[in-house]
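> Sequence and predicted model, in that order:
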Number of protein chains: 6
Amino acid sequence: MTDLTHLNAQGEAQMVDIAGKLATSRTAVAQAEVSMLPSIVSTLSQLPKGDALACARIAGIMAAKKTAELIPLCHPLLLSKIDIQFELDATLGKVLIRALCKVEGSTGVEMEALTAVSVAALTLHDMAKAADPAIEINKIHLIEKIGGKSGHWIRTESSGK
Amino acid sequence: MTDLTHLNAQGEAQMVDIAGKLATSRTAVAQAEVSMLPSIVSTLSQLPKGDALACARIAGIMAAKKTAELIPLCHPLLLSKIDIQFELDATLGKVLIRALCKVEGSTGVEMEALTAVSVAALTLHDMAKAADPAIEINKIHLIEKIGGKSGHWIRTESSGK
Amino acid sequence: MTDLTHLNAQGEAQMVDIAGKLATSRTAVAQAEVSMLPSIVSTLSQLPKGDALACARIAGIMAAKKTAELIPLCHPLLLSKIDIQFELDATLGKVLIRALCKVEGSTGVEMEALTAVSVAALTLHDMAKAADPAIEINKIHLIEKIGGKSGHWIRTESSGK
Amino acid sequence: MTDLTHLNAQGEAQMVDIAGKLATSRTAVAQAEVSMLPSIVSTLSQLPKGDALACARIAGIMAAKKTAELIPLCHPLLLSKIDIQFELDATLGKVLIRALCKVEGSTGVEMEALTAVSVAALTLHDMAKAADPAIEINKIHLIEKIGGKSGHWIRTESSGK
Amino acid sequence: MTDLTHLNAQGEAQMVDIAGKLATSRTAVAQAEVSMLPSIVSTLSQLPKGDALACARIAGIMAAKKTAELIPLCHPLLLSKIDIQFELDATLGKVLIRALCKVEGSTGVEMEALTAVSVAALTLHDMAKAADPAIEINKIHLIEKIGGKSGHWIRTESSGK
Amino acid sequence: MTDLTHLNAQGEAQMVDIAGKLATSRTAVAQAEVSMLPSIVSTLSQLPKGDALACARIAGIMAAKKTAELIPLCHPLLLSKIDIQFELDATLGKVLIRALCKVEGSTGVEMEALTAVSVAALTLHDMAKAADPAIEINKIHLIEKIGGKSGHWIRTESSGK
C-alpha cells in the first residue's frame, strides 16, 4: 500500500498533507494524441478562422484551472502559466496536443498538464464526432517534470515498459 | 467545413441548435485503458477497502455531470444513468475502464461517457503517479451508441482505421 | 444491500437509472436548526438591513441548484421553485431554517431541500463564528415530500425513532 | 453589530480584508452525526466493498475544496490537507463523521471542515434515504481549531450552553 | 413591490415557481458594446489566427451555460442553442457583441443572452487591458425576445427612455 | 500584436507566465451603471428588507471569486477582500454599483472588480426585468488600480477618449 500515497494505512482516500513540502517553481509537460480521419485533420488545418483549435485550446486552459475540482485528491493551486500547442499530421490523421503548466508551490502540476491535454482532446473529439464516431485518444502521458523533491524527470523510450 | 458541425459557414464556433432534434432515449458506452506498473495493479486489486477504485468511479460519475461545463460546445443535459466499471489485469499492468451514460433527450451522451472514463483514468493516474510517473492512458473511444438519427452504432475491428 | 439503492449488487456506487420513473410534480420540505448565543440571534433580528439573513437565504438557494454537483450520486434536475424561510428565537438562541423545493421530473427533490437548509445554516455559522465558535447545527431532516412512487410522506413524532 | 464581522457598519455583507492577518499554519476539526435505522448502519459496516463510505468521504473532500464557492463571504484558500473519518455504531443507528482541514494562510479553515462533514453527511443521507426517509443529521460543530489570533480553541462540555 | 417578481410579499428573495408556466420555444437576443483604442480593434481584425475573438466567443458560450450559477434567482435550464457574433469598427474603436440563446422550456433565456455578451465583453477587456486600461463596456441590453406569456418583444428607439 | 499580451507571437491564446512578477498588494475599483424605470429604483430604495440589493451584492461577491473560471486567460488568485456598494438615484432611474477587490499576489485584480460589478448589475436586471424589459447596463470600467509594475492608475475625464 506504500505505493499509493493517496490512501492511508487503512486504504482510505485522503488529501495528503503538503504543508511541509518545499515551495519551489514546478513545471510539467504532458501530451495526448487524437486519431481521426485524415480528411478531418486536413479540414482543421485549412480553416480560414482558427475557432476549432482555439476552442480546444481554451477548453484545455480552463480545464487545467479546474483540475482540483475534477480529481478528488488533487490540491488546489495557483497556476502561473498554461500553454497548449497543437501539431497536425493530415497524412496520418493525427493531432498531437502538448500542454505546459507552471506553479510556484508545494505540489506538482502533473495532473494540471494531463487534464489540459485530455480535455483539449475531448473537445476536438466533440467537434469532429459527427464526421467520425470512431475517433480515438491515445498516449496521454507526462513528457517532463521539473521541481520538487524528485527533481527533473524526463520520459524516455523505456518509460512505461 | 461540412464535416465540422460545431463551426458555422464562417468557421466560427457555435453551440448548434438541437431544438428540432428528436427527443429519444439515448445511450453511449465508452472506454479508456490505463497502463501502469503491474505491481500497482496488484496493489489496487488486493486493497482491503475499495477507496482507490471507488475514488476513480466517483470522480468519473461527477465529471460526466460536468461535461457541458468542460467541453465548450456541448449542450447541458439531464443524465438519467451513469455506471462505471473497472477490469484489472495485474499481469499486463492494465486497468480497463468502461462507462455507460443514458439520457432522455435531444442530443447524444457520447461526450458524457468519454468524459467519465477520461477523468476516472486521470484519477487513477493521480493516485499512482508517485509510484510510477510513466503511467499512460490509451484507447479512449466510444464502444457503442444507441438512439437519435444515427441509430445504433457499434465499434468494430476496422473502426478508426 | 437491497436497502442501499445507490450501490449495485457488488456494492459499487452508481447513479441509478431513472429513465423509467414517473415524471410528476415533486415537492420536498426540509429544515435545519442553528443554535448560537442568544445575543447573536437578537442582533440578527434587529439589523436595519437584511443582509445577514438575505446572505444565508441566497447561499441556500444557490446551493440547492448545486446539489448534483455536491452529492455524487444525485441526478441533475431543473428546479422550478426554491423558497427559504427563517424563524428566529432570541430567547433560546435558535434560528430555524425551512426550505421548499419543487420540480417537474423523474426524481425527487429531497436532497435539494436538505442541501439548501444545510448551506444556509453553514452561512449563518460563518457570519457568527467570530462571536461564538461553539455554534451547532442540528435537526437537519425532511419534513414532508410529495410526488413520485412513494406518494405523500409527512414526518411524524415517531419518525426516526 | 460588532458581533457579526461579515457585516459592515451599515449592516451590509462584505468579504472582510484579511490582507493584514498573520499567515500561519491553521487546523480545524469538525464533526457531524447521522442518525438512521440501525439496520442500515449494519449494512454499511458489512459491505464487501467500501463504496458507500468512500463515496461520502470523497464527497466531503471535494466539498471542502468548494467552501468559498458555497459560503458567500468565505475567502478562497489553498487547503494543504483534508482527512475524513467515519465511526459506525450499528446498535444506536449512528454514523459519526470527523473532518480535519489544514492550511498555511491568513484565515482559518473552520468552514472547510464544517462543509466537509455536512456534505459527507448529506451523501450518506442520499444513499440511505430510500430505506429510511426520516434520517436526521445533528451535532454539526467545531471540535478544535489551531492557529491564528485566537490560538488553540477546544470545544468543552459547556461550549454552546 | 409588485414590480419585483423575485421578491415575495415580505421583500424576501425567492426563486419563483415556474411549474405552471407554458413550456414553449423561447429565444432572446442581447448585445454589448466594448469601446477601446482604435489601434487595438485594428489589431483584432488583422490577426492571422482567430484566437482573440474565438476566446471571447467561447467564454460567452460557456458563461451562458453558467447563468443559473451566477444569477442567484435564475432557474436552471437546458439551452438548445447559443450563437455569438462580433462586429468590429476600427475607426470608432468599438466591438459590438450579439448573442442569441434558445430553449424549449417554461422560462425565458434573456439572462442567458445578457450573461453571454457580458462575459464575452469582459474577456475582450481582459485581453486588451494591458494596452488600454480605460476600456469601457456599454449598452448591455436585450434586443428582442420571443416566446412565453409576453410574446414577441422588440427593443425600439424609445425603449428605456 | 504586441498590444495583446494574452496572445503569443503566432496569435494563439495563452495564460501568460506571472511567475517572475512582483508579489505585492494590489487593489482595483470598478463600476457599472444600471438604467431602469425610475419607479423601480424607488421601489428598491423603499423596500423594508434589503433582499434585492443584498442579492445583487452577494451575486457580485461570489462572481468575483469565480473570475478565473469565467475569463479564460485570467490567473486564479486568492482575493483578500471584496466590497460592493450601491448608490440609487430614483429621479434619473439609475443604480450605480462600485466594487473594490484586493489581493496579495503577482497579478492584478482588475478583472475581479469588473466581474463583480457586471454580475451585480445582471442580477438587478434579472430582478427588475418583468417590470422593465428595456433595462440597460452602461459604463462598466475601471476607476482605479493600485500595485504592480504600472503603479497607481486613476481614471480621468479624458480616459477612453
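Received the coordinates, thanks. Numbers count the residues shown, from 1 in each chain, chains lettered A, B, ... in the order given.
> can we go C-alpha only for contacts and neighbour counts from here?
Fine.
> give me every residue that touches A:L78.
Under the criterion of CA atoms under 8 Å, 6 or more residues apart in numbering or on different chains, the neighbours of A:L78 are A:103-105, F:75-77.
> now the residues you listed: which count as buried?
Buried residues within the contacts of A:L78, defined by neighbour count using 16 or more other CA atoms under 10 Å in any protein chain shown: A:103-105, F:75-77.
> For those residues, work out which two are farthest apart.
Considering CA to CA, no two members of those lie farther apart than A:G105 and F:H75, which are separated by 14.6 Å.
> Return stretch A:82-100 as CSV; C-alpha atoms alone will do.
What follows is the C-alpha trace of stretch A:82-100 in CSV, where atoms were taken according to Å, rounded to 0.1, in the frame of the first residue of the first chain:
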residue,chain,number,x,y,z
ILE,A,82,-0.6,27.4,-19.1
ASP,A,83,0.4,26.9,-22.7
ILE,A,84,-1.2,24.5,-25.1
GLN,A,85,0.2,23.6,-28.6
PHE,A,86,-1.2,21.5,-31.5
GLU,A,87,0.7,19.7,-34.2
LEU,A,88,-1.4,18.4,-37.1
ASP,A,89,-0.5,15.5,-39.3
ALA,A,90,-3.1,15.3,-42.1
THR,A,91,-1.3,12.3,-43.7
LEU,A,92,-1.6,10.1,-40.7
GLY,A,93,-4.8,11.6,-39.4
LYS,A,94,-3.4,12.7,-36.1
VAL,A,95,-3.4,15.7,-33.8
LEU,A,96,-0.7,15.9,-31.2
ILE,A,97,-1.5,18.1,-28.2
ARG,A,98,1.1,19.4,-25.8
ALA,A,99,0.5,21.3,-22.6
LEU,A,100,2.9,23.1,-20.2
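> any bit of that stretch sitting next to chain B?
No. For stretch A:82-100, no contact with chain B is found by CA under 8 Å from any CA of the partner chain; the gap never falls below 9.9 Å.
> With stretch A:136-151 instead?
Yes. Looking at stretch A:136-151 against chain B by CA under 8 Å from any CA, the contacts come from A:136-142.
> Stretch A:29-44 too?
Yes. For stretch A:29-44, a contact with chain B is found by CA under 8 Å from any CA, at A:35-37, A:40, A:43.
> May I see the buried residues of that stretch?
Taking 16+ other CA under 10 Å as the neighbour-count basis, stretch A:29-44 is seen to contain the buried residues A:29-38, A:40-41, A:43-44.
> circling back to that earlier point, from the contacts of A:L78, which land in strands?
Assignment to strands by DSSP state E places the following of those there: A:103-105.
> Just checking, which of those comes out lowest on pLDDT?
For the ones in strands among the contacts of A:L78, the least confident position by pLDDT is A:G105, scoring 90.
> ok, A:L70 - contacts?
With contacts taken as CA under 8 Å, 6+ apart, A:L70 has the following neighbours: B:59, B:62-63, B:119.
> Let me know the closest of those residues to chain C.
Closest to chain C out of the contacts of A:L70 is B:M62 (5.9 Å), distances taken as CA to the nearest CA.
> tell me which element that closest one falls in.
Counting by DSSP states H and E, the element that carries B:M62 is helix B:51-65.
> Would you mind listing what in chain A touches chain F?
So far as CA under 8 Å from any CA goes, chain A lies against chain F at A:54, A:57-58, A:61-62, A:65-66, A:78-84, A:102-104.
> ok so, going back, go through the buried ones among the contacts of A:L78 and name the one nearest D:D17.
Among those, F:L77 lies closest to D:D17 (CA to CA), at 14.8 Å.
> is it true that that closest one touches F:G105?
Yes. Using CA atoms under 8 Å, F:L77 is in contact with F:G105, at 7.4 Å.
> Helix or strand for A:L114, just tell me which one.
In this assignment (DSSP H and E), A:L114 forms part of helix A:110-128.
> Now do that helix: which elements does it pack against?
strand A:24-35, helix A:51-65, helix A:67-70, strand A:94-105, strand A:136-146, helix B:110-128 (3 or more CA pairs under 8 Å, 6 or more residues apart in numbering or on different chains; DSSP states H and E).
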